[in-house]
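[1] sequence-free structure coming up:
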């Protein structure tokens with residue numbers, strides 16, 4: 001019997017059986033370790049940002065990469081909502097809000113805000129400036145990341 005939470009097939013066997021499948025590694029953390037789930041989500045987000053086929057892809061990729069370069073943000077669980085990069089102190093499925101969010105503007109600017117797509121904490125000309133501002137505005141008690149509880153029915 002296969003231990004709970006582990007893959008039934010190694011990645012190489014999955015690729016051989018289904019060459020059309022695009023394995024991301026995202027959410028494939030068998031022991032549900034919050035730190036490993038955070039890194040898995042970041043890797044999926046970085047990959048997604050590189051592969052987007054939109055006019056604003058370079059700005060969005062720069063934003064995700066700048067946030068990942070900041071250790072304080074990299075330690076949080078990242079997620080997007082309407083292309084706004086947000087951070088949680090718990091993993092899915094029950095995310096914990098309370099940190100600043102980052103957005104890439106179509107005009108090449110980057111916003112930092114406390115609300116949904118509202119750059120009330122500043123607008124910056126570079127993604128690293130925006131990420132650094134988000135770090136400065138992180139609540140002191142936000143983290144370390146813990147496993148999110150299942151949603152109630």
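    Cool, the structure landed. Given the structure is predicted, the values throughout are model-derived calculations rather than measurements. Numbering: from 1, shown residues only.

[2] how many residues are close by the residue nearest to residue 50 when sequence neighbours are not counted?
    Excluding its sequence neighbours, the residue lying closest to residue 50 (CB to CB, 6 or more residues apart in numbering) is residue 61, at 5.9 Å. Quick note: C-beta positions are derived from backbone N, CA and C, even for glycine. Residues within reach of residue 61, counting by other CB atoms under 10 Å, total 18.

[3] before we move on, what about residue 58?
    With other CB under 10 Å as criterion, residue 58 counts 14.

[4] next, it: secondary structure please.
    Secondary structure, DSSP: H, G, I helix; E, B strand; the rest coil: residue 58 is helix.

[5] distance of it relative to residue 149?
    Going from residue 58 to residue 149 by CB to CB, to the nearest Å gives 37 Å.

[6] ok, residue 138 touching residue 99?
    Yes - using CB atoms under 8 Å, residue 138 is in contact with residue 99, at 5.6 Å.

[7] residues touching the residue nearest the centre of the chain, list them.
    By CA atoms, centre = their mean, the chain has its centre lying nearest to residue 78, at 2.6 Å. Contact criterion CB atoms under 8 Å, 6 or more residues apart in numbering gives 38, 41-42, 45, 64, 67, 85-88 as the residues in contact with residue 78.
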